[in-house]
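1. Can you look at this prediction? I've put the sequence above it.
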Protein chains: 2
Amino acid sequence: MKKKLGQQSIAFVHQPVVTSTACIVGPMEGKGVLASYFDHIMQDTLYGQETWEKAESSMLEWAVKTAVSKEGSTMEDIDYILAGDLLNQLMSTHFAARELNRPFLGLYGACSTLAESLLLGGVLLDGEFGSKVAIAVSSHHDAAERQYRFPTELGVQRPLIAQWTVTGAGSAVISSAGNGPKITAATVGKVNDLGIKDPNAMGPAMAPAAVDTLWQHIQDTKRQPAYYDMIYTGDLGSVGKELVLDLFKDKGLDISTNYEDCGCMIYKETQDTHAGASGCASSAIVFCGYIYQQMLQKKLKKVLLIGTGSLHSTTSYQQKESIPCIAHAVALEL
Amino acid sequence: MKKKLGQQSIAFVHQPVVTSTACIVGPMEGKGVLASYFDHIMQDTLYGQETWEKAESSMLEWAVKTAVSKEGSTMEDIDYILAGDLLNQLMSTHFAARELNRPFLGLYGACSTLAESLLLGGVLLDGEFGSKVAIAVSSHHDAAERQYRFPTELGVQRPLIAQWTVTGAGSAVISSAGNGPKITAATVGKVNDLGIKDPNAMGPAMAPAAVDTLWQHIQDTKRQPAYYDMIYTGDLGSVGKELVLDLFKDKGLDISTNYEDCGCMIYKETQDTHAGASGCASSAIVFCGYIYQQMLQKKLKKVLLIGTGSLHSTTSYQQKESIPCIAHAVALEL
């Protein structure tokens, strides 16, 4: 177990490289702050399909094919695909995986799935089980809304604490060799549940999981937060982000100078999404779009990406359960 | 990529060991053929909980704790838990993971999840990322029935091709050293879809995926089917099993002497389950109960377990999609 670091972390010895990324977003994300970083902005949310779910599947398929072709590979070069989404039984992932036709492993970590797939993709390559892995996640505002909340067409008013599920998909190719940010370390999260029951308050529900994983990452790796140029959480939104800052202040650490939440980076204030972005694609489009390009341009050299997942279901909510949450951290360095 | 074997397979160099298993089943499984192999038979399907979903979660938690304690370890010794189930957003797994409080990675492969977790657990240990992994899966007849089909209380008549979702949970501890069957090889499946749209016909839908993965396993590892004392598929039931035998006959291979389906081993003919058992727990209780004990007693020395998963959802069915399926194979040897 020479690659285990402390209680919950991994030190990658061969340090797999993220050699390519691609992302596709919906029209609303395309009008947001990071528009120039996305590979493709869809004209509508159906993307030529009959349903939102099939549109999401097509987006995920497009993202994988594009990430693979951008680095000059073909699908045949991909040893494994690791992917997931928010839909029941990973509907969009499975129909995309059918078209992609490569060895496939399905993951579910809600909105932490991008970090989980980077971590397990890194494990497969660092362990020398292959030379190229494609990872991908997706979410779709309209499909998620009708699955988790109300019929989308109903237009139910959302509370100000609520976040807006991102319509988008992101994919990355991880290789055992090549140019790009290397995966150097990771921390596997525990399920954390402080008793929040309101599924509109996912940011505050997930914040303690993010804090727990980052704190454990610091203990395990002996890296202080300042080691990283930037630390990003996946989709805590403005309320969850403030909570993370406060909880770290309680621990005597000020991380305000190099911490941001992907969910606070996507939409403009005028887009009125309330507390920011959420969904698997929140961290995916920020990582595969903005962060990855910043790293290639050496504007960021050391990044810690903390995927945050709210693991509730409509059934658990109806059965009056609180929201279990998780966070996984992946360190990327040039 | 020294551990990649052929197109889709893995050769484990350090060969992680399955050092312990545990399983718990519902009353109906406890009246079946394999009753004497199960660690605990529940008196009812609620297991002291208010809902079937929470009962399933308690079963999964019990299975992990029991597998860990049976080999003399504590939860603190477990580096990672890999687990999944059939419920939307893995409800039973996540509430169990909250109680188990160890680093957790959620997987979704429908009824192939046991094989997927054995495979990825093996990868984590073979890659030296830890020394002990607990894997677990569960399914619950009543919870699955109302999620996938009709309100359970309605008692809708099931067609003869349908299988009965197993109420049960199985867990295994995989260790980097110790006594027990070793994980020597694995084959990661591709998503396979021959166009079957009837969610009652999951056995026939999954059979081609099982055949595809076994065929690839033979090509990649150069092991003929006769290499194994027994080859087990997860939950194809009687109809799917016949289809596997037929499809292999078409390839000029007769595997009838050393092939069985876990879904055909659990219930007695008189229990009237129609085409046999299905669900994540089908392969889990047969592997963690019967197969594992047969291997410890050296009655079986080489086993290939092929987990089979039907990756549809109610939404994909309502949108008139066919059923994508997958199968992962794991070789266990003394």
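-> Okay, I see it.
2. Relative to A:Thr51, how far out is A:Ala63?
-> Separation of A:Ala63 from A:Thr51 (Cβ to Cβ, to the nearest Å): 19 Å. For every residue, glycine as well, the C-beta is placed using N, CA and C.
3. who has more neighbours, these two?
-> Comparing A:Ala63 with A:Thr51 by other Cβ atoms under 10 Å in any protein chain shown, the one with more neighbours is A:Ala63, at 32 against 19.
4. ok, the closest residue to chain B within the stretch 51-200 of chain A - contacts?
-> Relative to chain B, the nearest point of the stretch 51-200 of chain A is A:Gly127 (2.6 Å; Cβ to the nearest Cβ). Taking Cβ atoms under 8 Å, 6 or more residues apart in numbering or on different chains, we find A:Gly127 in contact with B:Lys3, B:Val123, B:Leu124, B:Asp126, B:Gly127, B:Glu128, B:Phe129.
5. Now with 7 Å, please.
-> B:Lys3, B:Val123, B:Asp126, B:Gly127 (Cβ atoms under 7 Å, 6 or more residues apart in numbering or on different chains).
6. ok, so of these, who is nearest chain A?
-> Closest to chain A, out of all of the contacts of A:Gly127 and judged by Cβ to the nearest Cβ, is B:Gly127, at 2.6 Å.
7. Could you report the pLDDT at that closest one?
-> The model reports B:Gly127 with a pLDDT of 97.
8. Tell me how far it lies from B:His94.
-> Separation of B:Gly127 from B:His94 (Cβ to Cβ): 25 Å.
9. Then A:Ala96?
-> Separation of A:Ala96 from B:His94 (Cβ to Cβ): 24 Å.
10. where does A:Ala331 fall, phi/psi-wise?
-> As for A:Ala331, its main-chain torsions (degrees, to the nearest 10) stand at phi -100, psi 130.
11. That one: how many residues sit nearby?
-> Around A:Ala331 sit 27 other residues, with neighbours defined as other Cβ under 10 Å.
12. cool, A:Phe129 as well?
-> 28.
13. Repeat that for A:Leu114.
-> If you count neighbours by other Cβ under 10 Å, A:Leu114 ends up with 35.
14. For it, grab phi and psi.
-> Note on A:Leu114: backbone dihedrals following degrees, to the nearest 10 are phi -60, psi -50.
15. how about the helices in chain A?
-> Remark: helices assigned in chain A by DSSP state H are A:27-30, A:52-70, A:91-100, A:113-126, A:141-148, A:202-221, A:237-250, A:280-285, A:292-296, A:314-318.
16. Redo the ones you listed as TSV? Include distance to B:Ile255.
-> Listed next are the helices of chain A as TSV, based on distance: least, Cβ to Cβ, whole Å:
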stretch	distance to B:Ile255
helix A:27-30	50
helix A:52-70	34
helix A:91-100	26
helix A:113-126	30
helix A:141-148	41
helix A:202-221	46
helix A:237-250	53
helix A:280-285	40
helix A:292-296	47
helix A:314-318	40
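17. So which of the ones you listed is nearest B:Lys320?
-> helix A:52-70 (10.6 Å; Cβ to Cβ).
18. Buried residues of that closest one, list them for me.
-> For helix A:52-70, the neighbour count (16 or more other Cβ atoms under 10 Å in any protein chain shown) marks A:52-68 as buried.
19. So which of those reach chain B?
-> Here is what survives when those are matched to chain B using Cβ under 7 Å from any Cβ of the partner chain: A:Glu53, A:Lys54.
20. Check the gap between A:Leu5 and chain B for me.
-> Separation of A:Leu5 from chain B (Cβ to the nearest Cβ, to the nearest Å) stands at 10 Å.
21. That residue: what's it in contact with?
-> The neighbours of A:Leu5, taking Cβ under 7 Å, 6+ apart as the test, are A:Ala11, A:Ala185, A:Asp220, A:Thr221.
22. Hmm, the second one is touching A:Ser9, no?
-> Yes - proximity of A:Ala185 to A:Ser9 meets the contact threshold set by Cβ atoms under 7 Å, at 6.2 Å.
23. Which residues are in contact with each of these two?
-> The contact sets of A:Ala185 and A:Ser9 overlap at A:Thr221 (Cβ under 7 Å, 6+ apart).
24. most packed of the helices of chain A?
-> Sort the helices of chain A by mean neighbour count, taking mean count of other Cβ atoms under 10 Å in any protein chain shown, and helix A:280-285 sits at the top with a mean of 36.
25. and that helix, anywhere near chain B?
-> No - figure legend: helix A:280-285 not in contact with chain B (Cβ under 7 Å from any Cβ); closest approach 12.1 Å.
26. Can you list the helices and strands that that helix packs against?
-> Contacts defined by 3 or more Cβ pairs under 7 Å, 6 or more residues apart in numbering or on different chains; DSSP states H and E place helix A:280-285 against strand A:17-25, helix A:113-126, strand A:132-139, strand A:168-175.
27. With respect to B:Leu300, which of those lies nearest?
-> Judged by Cβ to Cβ, the one of the helices and strands packed on helix A:280-285 that comes nearest to B:Leu300 is helix A:113-126, at 28.9 Å.
28. Can you spell out the domain ranges of chain A, please?
-> Here the domain parsing of chain A from automatic domain parsing is A:16-175, A:182-333.
29. follow-up on the earlier one: pick out whichever of the contacts of A:Leu5 sits closest to chain B.
-> Closest approach between those and chain B, by Cβ to the nearest Cβ: A:Ala11, at 9.1 Å.
30. mind listing what the closest one touches?
-> Applying Cβ under 7 Å, 6+ apart to A:Ala11 gives the contacts A:Lys3, A:Leu5, A:Ala185.
31. one more time with 8 Å, if that's ok
-> Residues near A:Ala11 by Cβ under 8 Å, 6+ apart: A:Lys3, A:Lys4, A:Leu5, A:Thr184, A:Ala185, A:Thr221.
32. same thing with A:Asp126?
-> Applying Cβ under 8 Å, 6+ apart to A:Asp126 gives the contacts A:Lys3, A:Phe12, A:Val13, A:His14, A:Gln15, A:Pro16, A:Ile183, B:Gly127, B:Phe129.
33. if we go to 10 Å?
-> Listed by Cβ atoms under 10 Å, 6 or more residues apart in numbering or on different chains, the contact set of A:Asp126 reads A:3, A:10-16, A:174, A:176, A:183, A:186, B:127-129.
34. swap in A:Ser58?
-> Contacts of A:Ser58 (Cβ under 10 Å, 6+ apart): A:Ile24, A:Met42, A:Leu46, A:Tyr47, A:Gly48, A:Gln49, A:Ser92, A:Phe95, A:Ala96, A:Glu99, A:Ser138, A:Ala169.
35. mind redoing it with 8 Å?
-> Counting by Cβ under 8 Å, 6+ apart, A:Ser58 has contacts A:Tyr47, A:Gly48, A:Gln49, A:Ala96.
36. ditto for A:Ile174
-> A:16-19, A:118, A:121-122, A:125, A:132-135, A:183.
37. again, only this time at 6 Å
-> A:Pro16, A:Val18, A:Gly121, A:Leu125, A:Val133 (Cβ atoms under 6 Å, 6 or more residues apart in numbering or on different chains).
38. near chain B, which residues of the stretch 151-300 of chain A?
-> Contact residues, the stretch 151-300 of chain A versus chain B (Cβ under 6 Å from any Cβ of the partner chain): A:Val188, A:Lys190, A:Val191, A:Asp193.
39. Count the residues that sit near the second one.
-> Here the count is done by other Cβ under 10 Å, and A:Lys190 has 21 residues near it.
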